[in-house]
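Student: build the 3D model from these lines:
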Amino acid sequence: MTQQLESLKQLSMVVADTGDLDAIRRYQPHDATTNPSLILKAFDLEGYQALIEETLSAVKSEISDPDARVEEAVDRLSVAIGTEITKLVPGRVSTEVAAKLSFDEAASIDKAHHLIDLYEKRGVSKDRVLIKLASTWEGIRAAEKLEKEGISCNLTLLFSDAQARACFEAGVYLISPFVGRVTDWYKKSTGTESYAPDEDPGVKFVRGVCDYASQYGYKTVVMGASFRNTDQILALAGCNRLTISPALLEELSSAEGEVTRKITDTGDGTKRLDAIGEAQFRWEHNEDAMATEKLAEGIRTFAADQKKLEGLLAKRMG
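Tutor: Sure thing, here's the model as predicted:
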């Protein structure tokens, strides 16, 4: 009998939502994603200790200013971990621009350039990297400019149709619409304890994003993210890519059965709309209470994890 994970890989590209090299070796994803939360977890993994020490020692010897030293340590550690991941996956690794820059287009572009430069110094070309940005108006505009330079982007924390549409029109390489966090909000808002997969709000949202891309002929890759259970994952089989945590990858690899395609590209790509402007984007996103709250919460959470990581690095460097 076929494992569900292997069957799913025939329908969607599987991405590991982890920086754990052992997990990546075990589940053999095509790509991997990272963020400050995942790097924090990697900070405690035995296999990374030598790399961390090497990275921090170099930063400490080169930079004297404490604040600049910590910021550079975060960037170099992210790239060092990303470089190790590229040795294990055939595709790309996503590396995140600091959440505190989510509303600063110019600073986001500068940080992206710096991360790409650090990767190239480690022998990793930009076609192996996705620069990860929050799906704010400023983040999307930064991504639009980076894409024109040949730097591919992953737009994360995506919760609304307005965000998806703006990303499609900006020509970004990949978007990460969230599933679990959408469902979490609706459970709390409505008092609903659970949903059948086809009625799950997060699943329905990502299916709608995939359908929009199909109907309007956008080439942006749609990658479902933030899963709470395997039912949500299987309900999105056929989505371009799915980024999955090690715990859920293990469940899928342990379960047997053929996975059925749930998403099919049926659009002819002939439909067209006028481009969404900033005022319309902000209004439509604002009208979606779930999206407004979850985007703000997500940026705060990533920023808090970044600050915690910075504190650990500062302490470790003395």
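Student: all helices for the stretch 151-300 of the chain, in order.
Tutor: Taking DSSP state H, counting those that start in this stretch to define them, one finds helices in the stretch 151-300 of the chain at 161-170, 180-190, 201-216, 230-234, 246-254, 278-286, 289-317.
Student: and the fifth one, what does it pack onto?
Tutor: Helices and strands in packing contact with helix 246-254 are listed as helix 4-9, strand 13-16, helix 21-27, helix 230-234; criterion 3 or more C-beta pairs under 8 Å, 6 or more residues apart in numbering; DSSP states H and E. C-beta coordinates here come from the backbone N, C-alpha and C atoms, glycine included.
Student: can we see that at 6 Å?
Tutor: helix 4-9, helix 230-234 (3 or more C-beta pairs under 6 Å, 6 or more residues apart in numbering; DSSP states H and E).
Student: any residues touching it, and which ones?
Tutor: Where contact means C-beta atoms under 6 Å, 6 or more residues apart in numbering, the residues beyond helix 246-254 that reach it are 3, 4, 5, 18, 23, 27, 227, 230.
Student: how many neighbours does the last one have?
Tutor: Using other C-beta atoms under 10 Å, the number of residues around residue 230 comes to 21.
Student: what of the third one?
Tutor: Per other C-beta under 10 Å, the neighbour tally for residue 5 reads 23.
Student: the spatially closest residue to it that is not a sequence neighbour: neighbouring residues, count only.
Tutor: Leaving aside its sequence neighbours, residue 5 sits nearest to residue 252 (C-beta to C-beta, 6 or more residues apart in numbering; 3.9 Å). Residues near residue 252, counting by other C-beta under 10 Å, number 22.
Student: so where's this structure uncertain?
Tutor: Where the chain drops to pLDDT under 70, the residues are 267, 269.
Student: report the contact partners of the residue nearest the centre of the chain.
Tutor: In the chain, the residue lying closest to the centroid (C-alpha atoms, centre = their mean) is residue 156, at 4.9 Å. Shown in contact with residue 156 (C-beta under 6 Å, 6+ apart): 132, 176.
Student: same check, this time on residue 13
Tutor: The contact partners of residue 13, by C-beta under 6 Å, 6+ apart, come to 30, 241.
Student: show me what it bridges to in the sheet.
Tutor: Residue 13 has the following beta-bridge partners by DSSP bridges: residue 241.
Student: from here on, count from 22
Tutor: Got it, the first residue is 22 from now on, which makes the last one we talked about residue 34.
Student: could you check how far it is from residue 334?
Tutor: 33 Å (C-beta to C-beta, to the nearest Å).
Student: and what of residue 102?
Tutor: Distance, residue 102 to residue 334, using C-beta to C-beta: 13 Å.
Student: likewise for residue 277?
Tutor: Residue 277 is 43 Å from residue 334, where distance means C-beta to C-beta.
Student: more neighbours: these two, which one.
Tutor: When neighbours are counted by other C-beta under 10 Å, residue 277 and residue 334 differ, and residue 334 comes out ahead with 22 against 11.
Student: quick check: that one touching residue 92?
Tutor: No - using C-beta atoms under 6 Å, residue 334 makes no contact with residue 92, being 9.4 Å away.
Student: what about residue 299, neighbour count?
Tutor: The number of residues packed near residue 299 is 12, by other C-beta under 10 Å.
Student: list the residues that contact it.
Tutor: Residue 299 makes contact with residue 158, according to C-beta under 6 Å, 6+ apart.
Student: before we move on, what about the one 10 residues further on?
Tutor: The contact partners of residue 309, by C-beta under 6 Å, 6+ apart, come to residue 181.
Student: mind redoing it with 10 Å?
Tutor: Under the criterion of C-beta atoms under 10 Å, 6 or more residues apart in numbering, the contact list for residue 309 reads 180, 181, 182, 183, 184, 226, 315, 316.
Student: look up how far residue 147 lies from the fourth one.
Tutor: Which is residue 183. Taking C-beta to C-beta as the criterion, residue 183 is separated from residue 147 by 29 Å.
Student: those two: which is more packed in?
Tutor: Regarding residue 183 and residue 147, a neighbour count based on other C-beta under 10 Å identifies residue 183 as having more, with 22 against 19.
Student: what about residue 105, neighbour count?
Tutor: Residue 105 has 18 neighbouring residues, counting by other C-beta under 10 Å.
Student: show me what contacts the closest residue to residue 28 other than its chain neighbours?
Tutor: Among residues not flanking residue 28 along the chain, residue 280 sits closest, at 4.1 Å (C-beta to C-beta, 6+ apart). With contacts defined as C-beta under 10 Å, 6+ apart, the neighbours of residue 280 are 23-33, 254-255, 258-259, 273.
Student: equivalent analysis for residue 62, please.
Tutor: Under the contact definition (C-beta under 10 Å, 6+ apart), the residues listed for residue 62 are 39, 40, 41, 69, 326.
Student: same deal with residue 206?
Tutor: 180, 199, 222, 223, 310, 311, 312, 314, 315, 318.
Student: who does the nearest residue to residue 281 once chain neighbours are set aside bridge with?
Tutor: For residue 281, ignoring the flanking residues on the chain, the nearest one in space by C-beta to C-beta, 6+ apart is residue 258 at 6.5 Å. As for beta bridges, residue 258 partners with residue 260 under DSSP bridges.
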